[in-house]
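> The following block contains a protein sequence and its predicted model.
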Amino acid sequence: MVNANIDFHLEKVPVQLKNLTKKFMDEGKIITAVDNIDITFEKGKLTTLLGPSGCGKTTTLRCIGGFYKPEEGEVLIGSENVRGVPPYKRPTGTVFQNYALFPHMSVFENIAYGLRVKKMSNKEVKDKVNKGLKLLQLDNMGDRLPTQLSGGQQQRVAIARLLVNEPKVLLLDEPLSNLDAKLRIYMREEIKNIQRELGLTTIYVTHDQEEAMTLSDQMAIMNEGRIEQIGTPIEIYNKPANKFVGDFIGEANFLEGSIERIVENTALVRIDDYKIKSEVDSNKYAEDDDVLIMIRPHDVEICNEDEADIITKVRWAAFIGAQVNYQVFMPGEDDFTVYDYHADQIKSAEEDINLKIKKSLVIEKL
Amino acid sequence: MKLFKKAKIARPKLEPIVKFIILVISIILLYFIINPIIQVLGKSITDYSGKYIGFVNYLRFLKSSYFRGVFYNTMLIAVTATFGAVILGTIFAFAITKSNIPGKNFFMFIGILPMITPAFINAFSLILLFGRKGIINNILYSLFNFRLVIYGWHGVVFSQIITLFPLAYIVTAAAFTGLGSELENAAMDLGANPLRIIRTITFPLITPAIMAASLLIFMTNLAAFGAPAILGGGETTLAVEAVIQVLGVGNWQMGTTVAVILLIPSSLVFFLQNKFKKKASYVTVTGNAAHGKAAKLPKKIRYFLFVLCTLVSIVVISIYLTILLGSFSQTWGVDNSLTLSHYQTVIERSLESITNSTILAFIGGLGAAMLGLLISYIVVRQKFFGNKLMDSISTLPYAVPGTMMGLGFVIAFNKPPLILTGTALIIVFDYIIRRMPFALRTASSNLQQLDISMEESSADMGARWHTTFRRIVLPLLKPAFFSGFLFAFIRAITELTSTIFLVSPDHRLMSVDIYNFINYGQLGEAAAMSIILMIIVVVVVVLLYKITKMDLLNIKL
């Protein structure tokens, strides 16, 4: 997607947020949209801010871009503290949700906009815009109006428009949310390729976990204005820091129990009559703690009665092609999902089912 | 491709009741819109005995330097006042929607106030301030032995700007708001400072709205009667001249000719406006529009905006204050002691006008809102032959100057089959027909945003056309209906241009009475009547707002 032979002078710098807090007034009440967050966005890496709507991810991005002024805390781009610096003087480039292409200007003029602001000579503007067009494979599209482009082309114009200004940080605010499913996957790959190729520090806001998992070098899960966990997609999926993260990323079952014994990093957790071996951080938990454990549906296997950790009945079953989804009865918990990938036949409701828990994690103290 | 062009489009069968409604509307449109216009055209090509004489009247108009002067004066006033009103209204809208000056809510109120008052009251107030006995002139004379002359085209322009800048404000404010801030944020992100953003993004994008406002205001200026009649001094405009020819001299032939000539630039602008609307407007509502605000403007600009808004507010407020004072002072400019006698006189002599105006405007407003809504539903949702034509004819009164419509009504309904001259009904019909296009446009734009699947679902569940209309469409279009009604009511009760031909000794109206009071120099009575008129309008606006709790200013102009 990217023509790597054309280079812009792109500097790679980290971005740091220190104790960042942003509040809003809403109908007379103060709402803390971003609550004292600390995070480092590594240089040259793509970090996603992921969370449900209203979690403060877009607000955080806008504080970095300079569109919001935080009440407290600092934003450092490289070594520069950008407190009080207006958006038009920050070395950031934002791709907006609807791309925000100027409808009354041609593609060429859209890309040239930032250069004309800098009062570059016509020749320089032309050179750079053509370079930008080429880089994003938009050759011969310069004369078109944004409305005459496909969604994918619009996105590339939006990115080209930023790159010609040689920003130090790329900010993307849910750029794929308005596209249909197929185009979304295609554009996602495109963004990934462009970012990898250019190696630009990139911060990407989304509420779509699949998007975040496939794109990210690093993910920050946000909830109610705070960062719940920072890590690589694999770290976050396998070792969620709490129930919120475990629930938000991927499918998960949660069971309440108490720790009987801890041996190294394994705990024996009693849940009613069952005893389940569960991975545990022995520094944080002790015997007799009441805890919540997380079990992913694909970490459960249907087995013979003598191997079983849990013996119960099927609530209902659904065949969805690659697997059979079972809902089974569990003590104290309404939903417990099991994926069976090797089904020759489907069990029906009220039938006995024996489950072996291959992997589980102690996730929270109760 | 050609194959498809020839193919006929199958239309669904219309229900009998729809056919009947289409028939009734067609008759109404033909009889009350087309008919009066043709009558005026007809009168202009005959002599006083009714004999056909061709274009003799028009030649006389063109040959006479007096009439050419009237034409020139009309254009001069319309062009200057339009420029002034649009520039002022746009800056006003910018200040309120895009800047962070203090007192925005107050300025918003000031921007809407002149909309709900009769156009000619502004002109009248200017007489109280700058007339021969005007207070400001009195002060100037005592200090510097010198008076300002408000009479003349400049006075008319000043008055029209005050009257019409709110229109430009409302249209462009909607565009500024609809623009959202995403594009401006993007420009800022690319390094543009606030001034550059205004120049390269904001204003180019709202140009379509500015153009639309300009054309609308230009049409209104062309047709204006009140201000040029009161402030014109010796010079008249086409609209005033038509009234003078008919009511003053009794020359119907020349009066109608002047009215037809006024129709030419007016319909030209109307044509332009429709053409312009078809071009895609740039204004798009974006999902994230609520996020963020335009950056703080430089201090100098904010000062400028604040000072300008304050000056406009002072002018608007002093206009109302002047009329209020005028209504209580014994003899304006001579004996300023307070008195209630003007109100007494007005109520003794013109109580009937007050009740007449209120009731007739109320009925007219209701009729306009209902007819507009019905036509809009037929035109937007029913596919039938002549659908587009019905829409065009329905919006025609928008372009036809009030003078022409009023003349047309008098001529058309002075003879069988329907003799209405001298009745209250002719006034109501005039209100309905002339205000219906606004209700129609408002309802149509609301209807186009409604998903048709709701109506289809209603039909799917067995509802006939009239049930769907009553149970689904009417409730959903309630906001459009009330906005349409309120706008029609205000415009009707403050209307002077066409009703001046339609009033009779038995059926007098407040606006015409005020105009007559001014002409006879009874400024106190005129002021008292104006205050009563404004109170009625405000009471209706407030009541309707309290009852419906809706945004009633949502009018498609």
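Nice, thanks for sending it over. From a predicted model like this one, the values you see are computed outputs, not experimental measurements.
> which parts of the stretch 101-250 of chain B sit against chain A?
The stretch 101-250 of chain B has residues B:182-183, B:185-193, B:196, B:200-201, B:204-205 near chain A, with proximity defined as C-beta under 8 Å from any C-beta of the partner chain. Where C-beta positions appear, they are placed from N, C-alpha and C, glycine not excepted.
> and A:P240, backbone torsions?
In this entry, A:P240 is assigned phi and psi values of phi -60, psi 140 (degrees, to the nearest 10).
> helices and strands of chain A: which one bottoms out on pLDDT?
Least confident element among the helices and strands of chain A, by mean pLDDT, DSSP states H and E: helix A:181-198 (a mean of 86).
> Which elements pack onto that helix?
Counting contacts by 3 or more C-beta pairs under 8 Å, 6 or more residues apart in numbering or on different chains; DSSP states H and E, helix A:181-198 is packed against helix A:151-163, helix A:209-215.
> Next, report how far the shortest one is displaced from the centre of its chain.
Helix A:209-215 sits 6 Å away from the centroid of its parent chain (C-alpha atoms, centre = their mean, to the nearest Å).
> again, but for the first one
Per C-alpha atoms, centre = their mean, the displacement of helix A:151-163 from the mean C-alpha position of its chain is 21 Å.
> Next, give phi and psi for whatever residue of the stretch 251-366 of chain A ends up closest to chain B.
Closest approach of the stretch 251-366 of chain A to chain B (C-beta to the nearest C-beta) occurs at A:E251, with a separation of 28.8 Å. Here is the backbone geometry of A:E251 (degrees, to the nearest 10): phi -90, psi 140.
> picking up where we left off before, for the residues of the stretch 101-250 of chain B next to chain A, which one is nearest A:D335?
Closest approach to A:D335 among these (C-beta to C-beta): B:E182, at 39.9 Å.
> low-confidence ranges in the stretch 101-250 of chain A?
Residue ranges of the stretch 101-250 of chain A with pLDDT under 70: none are present.
> Spell out which residues of it are next to chain B.
Of all the residues in the stretch 101-250 of chain A, those in contact range of chain B (C-beta under 8 Å from any C-beta) are A:101-104, A:113-114, A:117-118, A:147, A:161-162, A:165, A:173, A:178.
> rerun that using 10 Å as the cut-off
Applying C-beta under 10 Å from any C-beta of the partner chain, we find that the stretch 101-250 of chain A lies next to chain B at A:101-105, A:109-118, A:147, A:158, A:161-162, A:164-165, A:167, A:171, A:173-174, A:177-178.
> Helix or strand: which one has A:I353?
strand A:352-357 (DSSP states H and E).
> Give me the mean pLDDT for that strand.
What strand A:352-357 shows for mean pLDDT is 91.
> Take that strand, keep the C-alpha atoms, and write them as PDB.
Included here for strand A:352-357 are C-alpha records, laid out as PDB according to Å, rounded to 0.1, in the frame of the first residue of the first chain:
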ATOM      1  CA  ASP A 352     -25.200 -34.300  31.500                       C
ATOM      2  CA  ILE A 353     -21.900 -32.600  30.500                       C
ATOM      3  CA  ASN A 354     -18.500 -33.100  32.100                       C
ATOM      4  CA  LEU A 355     -16.000 -30.300  31.900                       C
ATOM      5  CA  LYS A 356     -12.200 -30.100  32.300                       C
ATOM      6  CA  ILE A 357     -10.800 -26.600  32.900                       C
END
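> and that strand, what does it pack onto?
strand A:274-279, strand A:290-295, strand A:300-302, strand A:310-319, strand A:324-328, strand A:337-340 (3 or more C-beta pairs under 10 Å, 6 or more residues apart in numbering or on different chains; DSSP states H and E).
> at 6 Å what do you get?
Taking 3 or more C-beta pairs under 6 Å, 6 or more residues apart in numbering or on different chains; DSSP states H and E as contact, the helices and strands that strand A:352-357 lies on are strand A:300-302, strand A:310-319.
> Based on its surroundings, how many neighbours for the nearest residue to B:S498 once chain neighbours are set aside?
For B:S498, the nearest residue in space outside its immediate sequence neighbours is B:G406; the separation is 3.0 Å by C-beta to C-beta, 6 or more residues apart in numbering or on different chains. By the measure other C-beta atoms under 10 Å in any protein chain shown, the count of residues near B:G406 is 29.
> Relative to A:K118, how far out is B:G406?
60 Å (C-beta to C-beta, to the nearest Å).
> swap in B:K51?
In this structure, B:K51 lies at 76 Å from A:K118, with C-beta to C-beta as the measure.
> Show me which of the two is the more surrounded one.
Taking neighbours as other C-beta under 10 Å, B:K51 and A:K118 compare with A:K118 leading, 12 against 8.
> Need phi/psi at the more buried one.
Dihedral angles phi and psi of A:K118 (degrees, to the nearest 10) take the values phi -80, psi 10.
> Same check on A:R144?
Its backbone dihedrals place A:R144 at phi -80, psi 160, with angles given as degrees, to the nearest 10.
> Surely it is in contact with A:E109?
No: because the distance of 10.9 Å does not satisfy C-beta atoms under 6 Å, A:R144 is recorded as not touching A:E109.
> So those two - more neighbours on which side?
Set A:R144 next to A:E109 and count neighbours by other C-beta under 10 Å: A:E109 wins out with 18 against 15.
> secondary structure element for that one?
helix A:107-117.
> just to revisit the earlier point, the least confident helix or strand of chain A to helix A:151-163, inter-axis angle?
30 degrees (axes from the mean of the first three to the mean of the last three C-alpha atoms, to 10 degrees).
> quick one on the thing from earlier: how much does the strand holding A:I353 deviate in direction from strand A:324-328?
Orientation note: strand A:352-357 sits at an angle of 100 degrees relative to strand A:324-328 (the same axes, to 10 degrees).
> Next secondary structure after strand A:352-357?
Going C-terminal from strand A:352-357, and assigning secondary structure by DSSP H and E, you next hit strand A:361-365.
> what sits against A:T206?
The contact partners of A:T206, taken as C-beta atoms under 6 Å, 6 or more residues apart in numbering or on different chains, are A:T48, A:L50, A:E174, A:A212.
> can you tell me which residues contact the residue nearest to B:S498?
Contacts here follow C-beta under 6 Å, 6+ apart; on that basis B:G406 touches B:S498, B:F501, B:L502.
> Only whichever of those residues are buried, select them in PyMOL.
The PyMOL selection below is limited to those of the contacts of B:G406 classed as buried (16 or more other C-beta atoms under 10 Å in any protein chain shown):
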select buried, chain B and resi 498+501+502
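> Could I get the contacting residues of the residue of the stretch 251-366 of chain A closest to chain B?
Contacts for A:E251 were tallied using C-beta under 6 Å, 6+ apart; they are A:P297.
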